[in-house]
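Enquirer: fold the stuff below for me.
(one chain, ligands or ions: 1)
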Amino acid sequence: MSVITATLKSHRHIDGDIYKGIRLYEKGGIEVLESFAQSEPGEYTVIVSHGEERRKVTLTFARDKRDVEFYRCYCTRRYKSPPLCKHVVAAILQIQGGISESKLEKIDLGKIGYSDTIVNSANVAATVESGALEVFATPAMIALMEKAACSCIADGLEAGETSVGTAVDITHMAPTPIGVKVEAEAKLGAVFGRRLEFTVTAYDCDEKGERKTQIGSGKHSRVIVDEVKFMSRLQK
Ligand SMILES: [Zn+2]
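Expert: Predicted coordinates:
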């Protein structure tokens with residue numbers, strides 16, 4: 001079972017890093033240096049070579065190499081929660097033995113989910129206390145992006161399943177005043193076992209409600225969980 005799915009191949013335009021990672025894997029030259037895979041979770045150190053360039057990737061898998069719990073690459077070392085890079089994609093494919101079918105077949109890669117809101121006194125920075133001004137709050141924009149990601153996968157979840165947000169790496173580029181409509185969209189770029197990677201964007205709109213300018217963009221990760229198990233673990 002997988003991680004990067006077969007359908008991804010037909011959606012190569014959706015995410016540059018994933019496409020490049022598949023190409024790197026297909027070219028070969030990936031060396032698994034160490035593994036502590038006998039124990040769960042399995043830890044791997046992988047060297048991904050690309051011409052002269054060599055990148056060290058550290059990966060931790062759980063559940064029989066299906067789910068990636070942790071990854072780090074030298075090229076994204078400056079990030080606290082690193083975005084996906086082509087080296088990580090290639091390393092995962094190397095360890096998993098290639099591209100195979102996803103468990104989450106009903107969730108289409110490349111699918112886009114949407115959400116919108118009107119900037120109002122409840123979602124401005126002054127109220128949310130993320131700032132002092134009466135402009136759309138960054139946390140409210142992130143929440144709107146998460147909502148778009150949820151709506152993107154809503155049809156693909158089994159009964160009793162839901163998703164939780166695990167990482168955001170967002171840039172908020174422009175302020176939006178009260179009364180203006182904001183739209184967010186989330187595009188599903190990759191499925192890593194139960195982990196989903198989205199590219200997210202937000203726009204402000206004109207008086208007719210049509211998109212005007214991009215106000216935010218970034219990456220977002222979610223993990224599919226069993227609602228009951230997830231909540232019962234918290235109560236222990
Ligand atoms: Zn990298």
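Enquirer: any low-confidence regions in this protein?
Expert: Within the chain, the ranges that satisfy pLDDT under 70 run 1-15, 34-41, 62-67, 97-107, 193, 236.
Enquirer: what ranges does this protein have for its helices?
Expert: Ranges of helices in the chain, per DSSP state H, are 16-27, 86-96, 125-128, 138-153, 227-235.
Enquirer: Serialize those helices to JSON lines and add fields for distance to the ion and mean neighbour count.
Expert: Glycine gets a C-beta too; all of them are placed from N, C-alpha and C. What follows is those, written out as JSON lines (distance: least, Cβ to the ion, whole Å; neighbours: other Cβ atoms under 10 Å):
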{"stretch": "helix 16-27", "distance to the ion": "9", "mean neighbour count": "18"}
{"stretch": "helix 86-96", "distance to the ion": "3", "mean neighbour count": "25"}
{"stretch": "helix 125-128", "distance to the ion": "34", "mean neighbour count": "15"}
{"stretch": "helix 138-153", "distance to the ion": "23", "mean neighbour count": "21"}
{"stretch": "helix 227-235", "distance to the ion": "31", "mean neighbour count": "10"}
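Enquirer: and the ones you listed as a markdown table, adding distance to residue 72?
Expert: Formatted as a markdown table, the helices of the chain follow (distance: least, Cβ to Cβ, whole Å):
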| stretch | distance to residue 72 |
| --- | --- |
| helix 16-27 | 15 |
| helix 86-96 | 8 |
| helix 125-128 | 32 |
| helix 138-153 | 23 |
| helix 227-235 | 25 |
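Enquirer: what separation do you get for the nearest residue to residue 47 once chain neighbours are set aside and residue 49?
Expert: In this structure, residue 47 finds its nearest non-sequential neighbour in residue 31, 4.5 Å apart by Cβ to Cβ, 6 or more residues apart in numbering. Going from residue 31 to residue 49 by Cβ to Cβ, to the nearest Å gives 7 Å.
Enquirer: what about these two, which has more around it?
Expert: residue 49 (16 against 13; other Cβ atoms under 10 Å).
Enquirer: ok, the more buried one - contacts?
Expert: 29, 30, 31, 55 (Cβ atoms under 8 Å, 6 or more residues apart in numbering).
Enquirer: among those, which are located in strands?
Expert: 30, 31, 55 (DSSP state E).
Enquirer: pick the one among those closest to residue 90.
Expert: residue 30 (5.7 Å; Cβ to Cβ).
Enquirer: what are the bridge partners for that closest one, then?
Expert: residue 48 (DSSP bridges).
Enquirer: isn't it up against residue 44?
Expert: No - the pair residue 30 / residue 44 is not scored as a contact, 11.0 Å apart, by Cβ atoms under 8 Å.
Enquirer: beta partners of residue 118?
Expert: Beta-bridge partners of residue 118, as defined by DSSP bridges: residue 181.
Enquirer: what subset of the contacts of residue 49 is also close to the ion?
Expert: Contacts with the ion within the contacts of residue 49, counted by Cβ under 5 Å from the ion: residue 55.
Enquirer: that concludes my questions; thank you for your assistance.
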